[in-house]
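[1] Sequence first, predicted coordinates after that:
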Amino acid sequence: MAKATTTNAGPIAEPDVLGTPYTAETILLRPDEEGEVVATLVKRPADSPTGRAVLHVHGYADYFFHTEYAEWWTAQGYDFYALDLRKYGRSIRPHQTPNFVTDVRDYFEELDEAWHRVAERDGHDHVVLSAHSTGGLTMALWADDRKPAAAGMFLNSPWFDLRGSVLLRTVATTVVDQVGARQPKRVLRPEATGAYVQSIHRDYEGEFDFNLDWKPLKSWPIYAGWLRAIRRAHADLHRGLAIDLPVLVLTSARTGAAAKVNEIAHTTDLVLDVKQIRRWSPALGSPHLTLVSIDGAKHDILLSREPVRKQVYAEVGRWLSTYVDEKSSRL
């Protein structure tokens with residue numbers, strides 16, 4: 001059982017921006033140095049009442065908008081919940097620095113609250129954890145610390161190390177640790193090229209519609225304090241976790257680089273080094289770890305082209321039926 005914080009029930013869930021049957025519940029959190037802090041729990045119920053649910057967390061410069069993913073889960077008989085973390089998406093407030101924290105463990109508060117609502121308040125006794133990229137790093141650390149009574153965990157291109165040279169991952173990390181402590185809002189990178197998001201959004205060369213104010217074309221600035229928090233979280237992972245759950249990790253087959261949208265942008269991971277993900281996945285400590293590479297996948301493999309997505313859903317379905325739902329049915 002997760003070690004839940006004191007729960008603030010907050011307002012009743014209201015219709016979400018995605019429309020019926022999606023609802024959104026604002027979760028009030030402890031204020032920080034910038035003021036009021038909230039998270040948002042989005043729900044898409046299955047067509048019939050169920051004791052099963054999935055709890056999903058997005059990546060960096062992201063938020064939940066992927067209705068196809070939610071509806072795949074509801075078709076499997078799972079109620080779907082997605083958490084927009086503090087200062088992301090639906091949870092951004094005008095006084096806040098988007099996406100900014102100085103400790104990844106700050107997110108444990110909203111994860112505790114979300115778990116309470118899904119597993120305790122709403123009565124689900126079979127919950128699968130799901131996360132993408134930076135959310136995969138956060139979810140892994142939370143699951144290791146809280147030991148929730150989850151049924152399994154699916155990680156989509158989780159961010160397990162800093163892409164780049166050994167020098168960048170060692171000497172540069174030491175510098176970031178020092179600068180991030182003294183000047184947490186010093187900008188290290190003002191923006192990205194925009195090729196990745198353009199390859200996804202339907203107004204450019206992608207298939208998906210989402211709010212570009214919440215998921216900008218050129219991402220958000222990278223701050224020293226935020227990157228310091230990420231590198232410290234990476235170090236925690238590298239020391240080894242003990243997540244006693246079946247875990248599925250899916251990645252693209254290849255890492256790529258592109259300054260503009262081209263075939264590389266559509267068929268490789270432009271954000272992370274997929275070899276690093278495979279190298280560090282065993283550090284999760286899962287007694288049953290499944291690693292699958294998907295040819296032609298993007299960084300968010302669930303936003304790849306349709307033929308690739310079909311393969312992704314087939315892999316998740318195979319893992320779910322073999323190691324998660326089948327295990328539950330034997331209990």
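    Ah, there it is. The structure presented is a predicted model; accordingly, all values stated were derived computationally and were not measured.
[2] Name whatever forms a beta bridge with the closest residue to I12 other than its chain neighbours.
    Leaving out its chain neighbours, the residue that sits closest to I12 by CB to CB, 6 or more residues apart in numbering is E25, at 7.4 Å. For every residue, glycine as well, the C-beta is placed using N, CA and C. Under DSSP bridges, the beta-bridge partners of E25 are L41.
[3] Around T255, how many other residues sit close by?
    19 (other CB atoms under 10 Å).
[4] contacting residues for it?
    By CB atoms under 8 Å, 6 or more residues apart in numbering, the contact set of T255 is R163, T268, D269, L270, L272, D273, V274, K275.
[5] For the chain, just list every one of the strands.
    14-15, 23-32, 35-44, 52-57, 79-84, 126-132, 152-156, 187-189, 222-223, 246-252, 288-294 (DSSP state E).
[6] Could you identify which of those has the lowest mean pLDDT?
    Looking over the strands of the chain, mean pLDDT reaches its minimum on strand 187-189, with a mean of 91.
[7] Would you mark the buried spots in that strand?
    L188 (16 or more other CB atoms under 10 Å).
[8] Could you do stretch 92-103 as well?
    I92, Q96, T97, P98, N99, F100, V101, T102.
[9] Then stretch 214-233?
    Buried residues in stretch 214-233 (16+ other CB under 10 Å): 214-215, 217-233.
[10] May I have the distance across that stretch, first residue to last?
    24 Å (CA to CA, to the nearest Å).
[11] Narrow the buried residues of stretch 214-233 to those in helices?
    A224, G225, W226, L227, R228, A229, I230, R231, R232, A233 (DSSP state H).
[12] any chance of those in a markdown table, plus pLDDT and distance to H299?
    Below are these laid out as a markdown table (pLDDT from 0 to 100; distance: CB to CB, whole Å):
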| residue | pLDDT | distance to H299 |
| --- | --- | --- |
| A224 | 96 | 23 |
| G225 | 96 | 24 |
| W226 | 96 | 19 |
| L227 | 96 | 18 |
| R228 | 96 | 23 |
| A229 | 97 | 20 |
| I230 | 97 | 16 |
| R231 | 96 | 19 |
| R232 | 97 | 23 |
| A233 | 98 | 19 |
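[13] Relative to K147, which of the residues you listed is nearest.
    A233 (18.0 Å; CB to CB).
[14] Correct me if wrong: the closest one contacts V104.
    Yes - using CB atoms under 8 Å, A233 is in contact with V104, at 4.2 Å.
[15] Tell me the residues that contact both of those two, please.
    Joint contacts of A233 and V104 (CB under 8 Å, 6+ apart) are L137, T138, L141.
[16] Quick one: these as TSV, columns for pLDDT too.
    Output for the shared contacts of A233 and V104, formatted as TSV (pLDDT from 0 to 100):
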residue	pLDDT
L137	98
T138	98
L141	98
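[17] Which single one of those residues is nearest to T193?
    Of the shared contacts of A233 and V104, the one sitting nearest to T193 (CB to CB) turns out to be L137, at 22.9 Å.
[18] Pull the contacting residues for the closest one.
    Applying CB under 8 Å, 6+ apart, the residues contacting L137 are V104, P158, W159, F160, I230, A233, H234, L237.
[19] Between those, which sits nearest Q198?
    W159 (21.0 Å).
[20] how near is that closest one to V175?
    20 Å (CB to CB, to the nearest Å).
[21] of the two, who's got more company?
    W159 (29 against 11).
[22] show me where pLDDT drops low in this protein?
    Low-confidence segments of the chain (pLDDT under 70): 1-11, 327-331.
[23] Please, where are all the helices along it?
    67-75, 108-115, 134-146, 166-182, 195-198, 224-238, 263-267, 274-280, 306-319, 325-330.
[24] Now find how far off-centre the second one is within its chain.
    Right, helix 108-115. Relative to the chain's own centre, helix 108-115 is displaced by 14 Å; criterion: CA atoms, centre = their mean, to the nearest Å.
[25] could the strands of the chain be laid out in TSV, adding distance to E113?
    Formatted as TSV, the strands of the chain follow (distance: least, CB to CB, whole Å):
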stretch	distance to E113
strand 14-15	17
strand 23-32	5
strand 35-44	7
strand 52-57	11
strand 79-84	9
strand 126-132	14
strand 152-156	19
strand 187-189	31
strand 222-223	25
strand 246-252	23
strand 288-294	28
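[26] on that earlier part again, which of the contacts of T255 sits closest to E110?
    L272 (23.8 Å).
[27] pretty sure the closest one contacts D300?
    No - applying CB under 8 Å as the test, L272 and D300 come out as separate, 10.5 Å apart.
[28] what do the two both touch?
    S133, S157.
[29] Which one of the helices of the chain lies nearest to V128?
    helix 67-75 (8.2 Å).
[30] what's the angle from the closest one to strand 79-84?
    Interaxial angle of helix 67-75 relative to strand 79-84 (axes from the mean of the first three to the mean of the last three CA atoms, to 10 degrees): 150 degrees.
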